[in-house]
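Novice: quick one: sequence and predicted model below, then my questions.
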Amino acid sequence: MRAVDEIPAVLPNEKGERLISNVKQRNVIRSLPNGKFVSVFAQGQVSRMARNWLGDVAMIDRSNKSIMVADRDGKVISRLPQKGTGYELDEPQDVAFDALGHLYVLERGKGSILVFGVKNKLITTLTIPNNAPGSLTRGEALGIDAAGRLYVFDEKSRRIQVYQ
């Protein structure tokens, strides 16, 4: 095990372990809270991760601009390719799950949020035209609260936008 130089994402799992994105080694490792290595969780140049209530983990793979979803043991159960029916991922920046298990993808390249349902089917795309109130010019981070409100940090405007 080598030291991790760059850590773009860390996510606790239901066992209290940490899933740590290890960009240089192109994998996600599982470690104990004290930092002791447990195992490799997934392969890929992962920049962001999110976990749903089942323990599934969505991960943005920067090397191919796709999103993979793994179960709690690290077995890949689905993939969102860079291009699919009704969408194209130019610059996926962040991911989040809502309480119903929908996967939200912050697409910085297009200034939009893509919402996927079961079997990775695109449900809707939220895009607000530039210069309109609430538009995303450089979305950096995405979060969803228990009430289903979306929180998006826009790096350019230096504010958090809330969508209901």
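Specialist: Nice, thanks for sending it over.
Novice: low-confidence ranges, this protein, go.
Specialist: 1-5 (pLDDT under 70).
Novice: how much space separates the most centrally placed residue in the chain from residue 151?
Specialist: In the chain, the centroid-proximal residue (C-alpha atoms, centre = their mean) is residue 95; its distance is 2.6 Å. Using C-beta to C-beta, to the nearest Å, residue 95 is found at 14 Å from residue 151. Bear in mind the C-beta positions are built from the backbone N, C-alpha and C, glycine included.
Novice: need the residues touching each of these two.
Specialist: residue 142 (C-beta atoms under 8 Å, 6 or more residues apart in numbering).
Novice: that older thread, ok, the residue nearest to the centre of the chain touching residue 49?
Specialist: Yes: using C-beta atoms under 8 Å, residue 95 is in contact with residue 49, at 7.2 Å.
Novice: what is in contact with these two at once?
Specialist: Common contacts of residue 95 and residue 49 (C-beta under 8 Å, 6+ apart): 58-60.
Novice: would you reformat the residues you listed as a markdown table and include neighbour count, distance to residue 147 and secondary structure?
Specialist: Formatted as a markdown table, the shared contacts of residue 95 and residue 49 follow (neighbours: other C-beta atoms under 10 Å; distance: C-beta to C-beta, whole Å; DSSP: H, G, I helix; E, B strand; the rest coil):
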| residue | neighbour count | distance to residue 147 | secondary structure |
| --- | --- | --- | --- |
| 58 | 23 | 21 | strand |
| 59 | 26 | 26 | strand |
| 60 | 27 | 25 | strand |
